[in-house]
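A.B. asks: here are the coordinates; sequence isn't available:
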């Protein structure tokens, strides 16, 4: 049994395989959302280097930009990794392994998305309004992401009855 949805008493009348299939399908939905977002953001970042105003970036902004490109590309790679994993383990009766590893990969993907979003906000505000504004907005975005993606789910989970967790 994986730890992705390890609540046997959740009221569903399903076998272990049915539960794994359901978990996999739910993860696929999450992957579709993440993949679209990361691919669009990566495309935006890659295209930015070919804009005429790119020459106006100072050294700090260029370093931030290059770090963002690397983070965005790696996030896209992580977001696509479950597809490769599924292909490699297809028909090998390893759905439990695929679901477990995909859960971990999605967690790293979300970290990459958070870094890329906060960094992109930092870069844009730094370029348009100055260094202080960039740092403030980048930090605010990161705090909001942490609050909504880490704190809120953990608080919500802690308020569930123990048998539901």
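C.D. replies: Now that the structure is in, tell me what you want to look at. Being a predicted model, the structure only gives us computed values, none of them experimental.

A.B. asks: How about the contacts made by the spatially most central residue of the chain?
C.D. replies: The centre of the chain sits closest to residue 110, judged by C-alpha atoms, centre = their mean, with a distance of 2.1 Å. Listed by C-beta atoms under 8 Å, 6 or more residues apart in numbering, the contact set of residue 110 reads 34, 149. The way it works is simple: take the backbone N, C-alpha and C, and place the C-beta from them, glycine included.

A.B. asks: can you pull the buried residues of the strand or helix carrying it?
C.D. replies: Secondary structure from DSSP states H and E places residue 110 in helix 95-129. For helix 95-129, the neighbour count (16 or more other C-beta atoms under 10 Å) marks 95-96, 98-103, 105-106, 109-127 as buried.

A.B. asks: mind showing which ranges of this protein have poor pLDDT?
C.D. replies: 1-11, 163-165 (pLDDT under 70).

A.B. asks: where do the strands sit along it?
C.D. replies: Assigned by DSSP state E, the chain shows no strands.

A.B. asks: what's near enough to touch the residue lying closest to residue 82 once chain neighbours are set aside?
C.D. replies: Distances taken as C-beta to C-beta, 6 or more residues apart in numbering put residue 102 closest to residue 82, at 4.3 Å, once the chain neighbours are dropped. For residue 102, the contacting residues are 24, 27, 31, 82, 85-86, by C-beta under 8 Å, 6+ apart.

A.B. asks: one more time with 10 Å, if that's ok
C.D. replies: 2, 4, 23-24, 27-28, 30-31, 81-83, 85-86, 109 (C-beta atoms under 10 Å, 6 or more residues apart in numbering).

A.B. asks: closest to residue 59 among the residues you listed?
C.D. replies: Of all those, residue 59 sits closest to residue 109, with 29.9 Å by C-beta to C-beta.

A.B. asks: My read is that the closest one contacts residue 35, right?
C.D. replies: Yes. Assessed by C-beta atoms under 10 Å, residue 109 is found in contact with residue 35 at 8.9 Å.

A.B. asks: Overlap in contacts, the two.
C.D. replies: Residues touching both residue 109 and residue 35 (C-beta under 10 Å, 6+ apart) are 75-76, 79-80, 82.

A.B. asks: can you give me the helices in the chain?
C.D. replies: Ranges of helices within the chain are 16-48, 59-89, 95-129, 131-146, 152-158, based on DSSP state H.
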